[in-house]
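Predicted model follows, preceded by the sequence.
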Amino acid sequence: MHPGHTVPVDLNPAQREAVLYLNGPCLVLAGAGSGKTRVITQKMAYLLRECGYPGNRIVALTFTNKAAREMSERLRRLVDARMARGITISTFHSLGLRLLREEAGHAGLKKSFSIFDANDALALIQELLVTTDKARLKAVQQTISLWKNALMGPDAAEQAAASPSDIEAAKVYRSYDATLRAYQAVDFDDLIRLPAMLLEGNTEVRQRWQGRVLYLLVDEYQDTNVCQYRIVQALTGSRAMFTAVGDDDQAIYAWRGATVENLAKLTVDYPAIQVIKLEQNYRSVQSILTAANRVIGKNPNLFPKTLWSDLGQGEAIQVAALDNEQVEAESVAFRISAARFERKAQWRDFAVLYRSNQQARSMEQALRDLRIPYTIAGGQSFFDKPEIRDVLSYLRLVANDDDDPAFIRAATTPRRGIGQSTLQALGEFAAGHHLSLFAAVFEIGATGRLAQRQLEPLLAFARFIQRLQQRAGRDVTVSQPVQGSLLSVDHETQSGQAVFTDRPVPDQVDDSAPRILDDLLNAIQYERHLYDLYDEKPAEVRWQNVLELISWLKRKATEDGLSLLDLVQHVSLVTMLERNEDDDPDAVRLSTLHASKGLEYPHVYLIGVEEGLLPHMGRDEDLDPEAPDGALIQRIQEERRLMYVGITRARYSLHVSWCKRRRKAREDQIRERSRFIEEMGFPAEGISDAPGTPGITPSERLGMLKTLLKKGA
DNA sequence: CAGCTATTCGTTTTT
DNA sequence: CGAATAGCTG
């Protein structure tokens, strides 16, 4: 493009140093809003342009798909698309998935292994434990997950298990893992753990993948777990050419196995590592930054930083105490509405952040009442919706008929005369003969263990799946796009010219993926099923979701020239998450604090800042005899970082609120304001009560509503 | 077998 | 107050 003057501009000295440093490993300690994404994208651009690195040998890893998307968009603005071709910008999970698909054989898996989501996994644990106690099941699941994230197998877990509950969990872990393997399935944690094991244990695999990674960049390094750290080590090898960017003050994922110590560990494992601090904040006005610094100042710090900004003092932070959750929501909705008018701002300039998803409920209600458009991030995810899981279960089964949970779900949805007792008989037979449920259908007939009326629908279903498998398998599209330099293509569409020229003309029987998908939906009468099950409106919404899924799959199939089988293998839950979010409409953003990390908004409303909710407290925190000393303190510290993350999302104004009362189950609870509010400096100067919000009477509220509706119309 | 009613039970954050 | 599940009936 423009060789010569492409050395990054618009960077401060520290950022510039971080971008240019290539003599070895590099650790960038980036405070909130200090431009870490800019550093990463500029560095990628620098590597591509100035250093002549080929795109397909640069890998950038993030934690969320949103972050990955953001990053590739920003890179796209910096460099020519051709130059960036083949670059990998993806989450750890999707890189892990790609590695696992490619190296499936080395991991003892067939290429078409299934991926269990959290629900599938929980159901499996429920089967293994006899308990119906959901809390216990979740606890076991969590424990197993932590072990997996720590790269501990069942043996190691058994050794490490101290408490009776851990010993029980270790037992479950063993059979859980064995069962997954029998199903030819992996869970989310395996997408990280198995690649880590493969890279460490298999020299051939390690060398192959090392050879593809000339430079590695890792975002949000403070949120890596043991497996992820090992993956970084294995991929970079002794060359150790990588840049890790992180901020220990924003470590908020300890509960899922992330260890901040990984940051410090880098300086130990790589003594020559170059450590660069980014301390200038470009996001927030000083009043916000001051509050943030005060709060986080209460935490011990691995790497002390002093954030500063030259954006001016800004307006005072507002703190409001409200009567209850509903009033709080109404107050926020109203104030946003007024502020948009006064500031001549857009809806999208406002965000409402909260600790837990349920808090979105009252907020949604209030926003709807005032006709304020909103979008929710981090709520129930797309692939958690039953209709999506239903459809995917068919695809999973087509790709992998060892996947018993998929079999059960598909066979019984929609209802087709296959019920509890049928499945139980089939299950017992299958277990006794070491068969999958699918395979058992064809064997059990001869045994006469099932009545004809039970066997019939089973056979019909299994044959239906077989037909799909045949059609999917016969559809061998020629060119898989060249997989020579393999880390390619997460975002860069692989389409280009190859797909169109190399694709065979479909013959009379159209077995292309899109056609099969259509036929499948038709055959199972899924739309009708939805309308039978739900009311008109919700049914339509769900059907729309299905259509969205299908059209996404079709698009993917067409663009990348994939057969249905390829599609199902390459496109699973994880890659589905990478689907382009709908265009961002002008709407208020509702988000959990966790999901807000990395984002910024001009005006932020932080709600539910109460003892017990924001420093979130378990019920009987001190009653837990197994809790080691200091566990509580650590939890509080993580909650404090969460508060810090919330505060630092705001650019110009921050509004904190809390409820004096909150109705829990059946009874109202008296709540105290969060300790974090005092830690911010309240009620010191620079922070004030929100004016004109407390104690709005219903009639006043109605009046305001009418006024607003007039304005809106 | 499948859909309906009655009852019970309430921690969180996400890939 | 709401959702998830057990249990019952057609």
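Thanks, I have it.

Nearest to DNA strand C: which residue in the stretch 601-713 of chain A?
Using C-beta to the nearest atom of the strand, the closest approach of the stretch 601-713 of chain A to DNA strand C is made by A:R666 at 4.4 Å. C-beta: built from backbone N, CA, C; applies to glycine.

Am I right that that residue is in a strand?
No - going by DSSP: H, G, I helix; E, B strand; the rest coil, the assignment for A:R666 is coil, not a strand.

Would you quantify the distance from it to A:I288?
The spacing between A:R666 and A:I288, counted by C-beta to C-beta, to the nearest Å, is 38 Å.

Next: A:A329.
23 Å.

neighbour-wise, which of these two wins?
In terms of neighbours (other C-beta atoms under 10 Å), A:I288 is the more surrounded of A:A329 and A:I288; the figures are 29 against 26.

so what does the one helix or strand the more buried one maps to touch, helix or strand wise?
Assigned by DSSP states H and E, A:I288 belongs to helix A:286-296. Using 3 or more C-beta pairs under 8 Å, 6 or more residues apart in numbering; DSSP states H and E, the elements in contact with helix A:286-296 are strand A:317-322, helix A:631-647, strand A:650-659, helix A:675-680.

go with 7 Å
With contacts defined as 3 or more C-beta pairs under 7 Å, 6 or more residues apart in numbering; DSSP states H and E, the packing partners of helix A:286-296 are strand A:317-322, helix A:631-647, helix A:675-680.

want to throw the ones you listed into a markdown table with distance to DNA strand C, mean pLDDT and mean neighbour count?
Formatted as a markdown table, the helices and strands packed on helix A:286-296 follow (distance: least, C-beta to the nearest atom of the strand, whole Å; pLDDT from 0 to 100; neighbours: other C-beta atoms under 10 Å):
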| stretch | distance to DNA strand C | mean pLDDT | mean neighbour count |
| --- | --- | --- | --- |
| strand A:317-322 | 18 | 92 | 22 |
| helix A:631-647 | 25 | 92 | 21 |
| helix A:675-680 | 27 | 93 | 22 |
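
Helix or strand for A:R208, just tell me which one.
helix A:203-210.

what lines up beside whichever helix or strand comes after that helix in the sheet?
Moving toward the C-terminus from helix A:203-210, the first helix or strand encountered (DSSP H and E) is strand A:215-218. Strand A:215-218 pairs in its sheet with strand A:58-62 (parallel), strand A:242-246 (parallel), by DSSP bridges.

Could you check how far A:L562 is from A:L553?
In terms of C-beta to C-beta, A:L562 sits 9 Å off from A:L553.

and if you look at A:I288?
A:I288 is 43 Å from A:L553, by C-beta to C-beta.

same thing with A:R542?
17 Å.

Likewise for A:R85?
Taken as C-beta to C-beta, the span from A:R85 to A:L553 is 24 Å.

What is the burial count for the one residue in the stretch 101-250 of chain A that gets nearest to DNA strand C?
Nearest residue of the stretch 101-250 of chain A to DNA strand C: A:T132, at 4.6 Å (C-beta to the nearest atom of the strand). For A:T132, the count of nearby residues is 8 (other C-beta under 10 Å).

circling back: tell me which of A:R85 and A:L553 has more neighbours.
Remark: of A:R85 and A:L553, A:L553 carries more neighbours, 23 against 16, as counted by other C-beta under 10 Å.

Quick check, pLDDT for that one.
Looking at A:L553, its pLDDT reads 86.

what helix or strand does it sit in?
Applying DSSP H and E, one finds A:L553 within helix A:536-560.

tell me which strands and helices that helix is in contact with?
helix A:386-399, helix A:513-524, helix A:526-533, helix A:564-570.

Recalculate using a threshold of 10 Å.
helix A:386-399, helix A:496-502, helix A:513-524, helix A:526-533, helix A:564-570, helix A:573-576 (3 or more C-beta pairs under 10 Å, 6 or more residues apart in numbering; DSSP states H and E).

buried stuff in the longest one?
Residues of helix A:386-399 classed as buried: A:387-399 (neighbour count, 16 or more other C-beta atoms under 10 Å).

between those, which is nearest A:A156?
Closest approach to A:A156 among the buried residues of helix A:386-399 (C-beta to C-beta): A:R396, at 30.0 Å.

ok, whatever residue of the stretch 351-500 of chain A ends up closest to DNA strand C - contacts?
Nearest to DNA strand C, among the residues of the stretch 351-500 of chain A, is A:R361, at 7.8 Å (C-beta to the nearest atom of the strand). Applying C-beta atoms under 10 Å, 6 or more residues apart in numbering, one finds that A:R361 lies in contact with A:325, A:329.

and stretch A:317-328, C-alpha only, in CSV?
Extracted C-alpha coordinates of stretch A:317-328, given in CSV (Å, rounded to 0.1, in the frame of the first residue of the first chain):
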residue,chain,number,x,y,z
ILE,A,317,-20.8,10.7,39.4
GLN,A,318,-24.4,10.3,40.5
VAL,A,319,-25.4,7.9,43.2
ALA,A,320,-29.1,7.2,43.7
ALA,A,321,-30.9,5.1,46.3
LEU,A,322,-34.2,3.8,45.2
ASP,A,323,-37.1,2.1,46.9
ASN,A,324,-37.1,-1.2,45.1
GLU,A,325,-36.1,-2.8,41.9
GLN,A,326,-39.0,-1.6,39.9
VAL,A,327,-38.6,2.0,40.9
GLU,A,328,-34.9,1.8,40.2
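
which residues touch A:L180?
So A:L180 contacts A:109, A:113-114, A:116, A:120-121, A:124, A:186-187, A:190 (C-beta under 10 Å, 6+ apart).

A:K43: which of these is nearest?
A:D190 (30.8 Å).

Could you list the low-pLDDT ranges of the stretch 351-500 of chain A?
A:378-380, A:474-500 (pLDDT under 70).

one step back: show me what counts as buried in the helix holding A:R208.
For helix A:203-210, using 16+ other C-beta under 10 Å, the buried residues are A:205-206, A:209-210.

Same question for stretch A:512-519.
A:512-517.

Can you name the residues of chain A that neighbour DNA strand C?
Contacts of chain A with DNA strand C, taken as C-beta under 7 Å from any atom of the strand, map to A:132, A:134, A:663, A:665-666.

Would you check that A:R463 makes contact with A:A523?
No - between A:R463 and A:A523 there is no contact, the gap being 11.7 Å when judged by C-beta atoms under 10 Å.

Tell me how many other residues crowd the residue of the stretch 601-713 of chain A closest to DNA strand C.
5.

Give me the phi and psi for it.
phi -120, psi -20 (degrees, to the nearest 10).

thought A:I670 was touching A:R662?
Yes - contact criterion C-beta under 10 Å: A:I670 and A:R662 qualify, at 8.6 Å.

Roughly how far does A:M680 sit from A:S657?
A:M680 is 13 Å from A:S657, by C-beta to C-beta.

Quickly list what's touching both of these two.
A:319, A:609.

tell me the strands in the stretch 151-300 of chain A, going along the chain?
Secondary structure of the stretch 151-300 of chain A (DSSP state E, counting those that start in this stretch): strands at A:185-187, A:215-218, A:242-246, A:274-278.

CA atoms only for the third one - export them in CSV, please.
Taking only C-alpha atoms (Å, rounded to 0.1, in the frame of the first residue of the first chain), the coordinates of strand A:242-246 have been written out as CSV:
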residue,chain,number,x,y,z
PHE,A,242,4.3,-13.5,21.2
THR,A,243,2.7,-10.5,22.8
ALA,A,244,0.4,-11.0,25.7
VAL,A,245,-1.9,-8.1,26.7
GLY,A,246,-3.7,-8.0,30.0
